[in-house]
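> Here you go, sequence then predicted model.
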Amino acid sequence: MIQFKDLKFEPRGFGGVGATHTFDNGITISVQASKMNYSTPREDLTSSDQFSSFEVAIWGEDGEFITKEFVPDAGDDVLGWQGRDKVNALMLLIQDK
């Protein structure tokens, strides 16, 4: 099973770091952190190790957001301030689908 620790974070052109991963079932997760994302801290840092929470979005093979399929009470297609444990839990749910 793919976990948070397996994500490959890279610097983003607008600042901060981010990773996306597409699972075998075609679902993609995006995990981002920067001054423009809902992360802690909201700063443009250079390593995922420097953040304690991240902004997360999930979309299907067609490119449409499906975040609410995994978090029904989410108020938006993007989840803010998600810690590593919550990201891991989402990743496990995605892989079980």
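Perfect, I can see it now.

> From Thr28, how far off is the residue sitting furthest away from the middle of the chain?
Here the chain has its C-alpha centre computed as a mean, and the residue farthest from that point, by Cα atoms, centre = their mean, is Asp62 with 17.9 Å. Distance of Asp62 to Thr28, computed by Cβ to Cβ, to the nearest Å: 11 Å. Placement of C-beta: from N, CA and C, glycine included.

> Now the most centrally placed residue in the chain: which helix or strand?
With distances taken as Cα atoms, centre = their mean, the residue of the chain nearest its centroid is Val31 (2.4 Å). For Val31, the element it lies in under DSSP states H and E is strand 28-33.

> And Phe54, by the same measure?
With DSSP H and E as the criterion, Phe54 is inside strand 54-59.

> Output that strand as PDB, restricted to C-alpha atoms.
Provided in PDB are the C-alpha atoms of strand 54-59 (Å, rounded to 0.1, in the frame of the first residue of the first chain):
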ATOM      1  CA  PHE A  54      -1.300  19.900   4.000                       C
ATOM      2  CA  GLU A  55      -4.000  20.800   1.500                       C
ATOM      3  CA  VAL A  56      -5.500  17.700  -0.200                       C
ATOM      4  CA  ALA A  57      -7.700  17.100  -3.200                       C
ATOM      5  CA  ILE A  58      -8.800  13.900  -4.900                       C
ATOM      6  CA  TRP A  59     -10.000  13.400  -8.500                       C
END
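
> Contacts made by it with the rest, please.
Applying Cβ atoms under 8 Å, 6 or more residues apart in numbering, the external contacts of strand 54-59 come out as 27-33, 37-39, 48, 65-67, 69-70, 77-83, 86-87, 90, 94.

> what angle sits between it and strand 28-33?
Orientation note: strand 54-59 sits at an angle of 160 degrees relative to strand 28-33 (axes from the mean of the first three to the mean of the last three Cα atoms, to 10 degrees).
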